[in-house]
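[1] Got a predicted model here, sequence first, then my questions.
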Amino acid sequence: MKNDNLLEVTCAICGSSSLQYSQVLSGFNEMLKYFLESTSLDKDTLKLLVQECPFCRYCAPDLATVMPGVNEIICTESYRLIADNIGIPALIRRYMLYS
Ligand SMILES: [Zn+2]
């Protein structure tokens, strides 16, 4: 399950490239299945499941893909408030942005 390989990924929102841990699960259904079947999820594993673009802060299991409507969500004030809130731990913030 765990894969520590870094890959260069191009963000589907802003077009910037960044190094991300390689995607270990493809899509929400596979991620949900993993969550439901796992007996333990450590912090390091959780970091691998959702990538975060360091430029536009888009968060998804695969930054190279985007679902319809996500562009508009990322531009909202509420999204930016969460993205810029350093009071929220980084991993929790990443999952909040992905949701
Ligand atoms: Zn981006």
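    It's in.

[2] Please count neighbours and contacts with C-alpha atoms only from this point.
    Will do.

[3] in the chain, which spans are strands?
    6-10, 17-21, 51-52, 59-60 (DSSP state E).

[4] For residue 89, find the nearest of those strands.
    With CA to CA as the measure, strand 51-52 is the member of the strands of the chain nearest residue 89 (13.8 Å).

[5] what mean pLDDT would you report for the closest one?
    Here strand 51-52 scores 92 as its mean pLDDT.

[6] wait, does that strand contact the ion?
    No - using CA under 5 Å from the ion, strand 51-52 stays clear of the ion, with a minimum separation of 7.9 Å.

[7] Give me the residues contacting that strand.
    20, 21, 58, 59, 60, 61, 62, 63, 94 (CA atoms under 8 Å, 6 or more residues apart in numbering).

[8] what's the offset of it from the middle of its chain?
    Strand 51-52 sits 3 Å away from the centroid of its parent chain (CA atoms, centre = their mean, to the nearest Å).

[9] Roughly how far does residue 80 sit from residue 73?
    Distance of residue 80 to residue 73, computed by CA to CA, to the nearest Å: 9 Å.

[10] cool, residue 65 as well?
    Taking CA to CA, one finds residue 65 at 15 Å from residue 73.

[11] Same question for residue 59.
    For residue 59 relative to residue 73 (CA to CA), the value is 11 Å.
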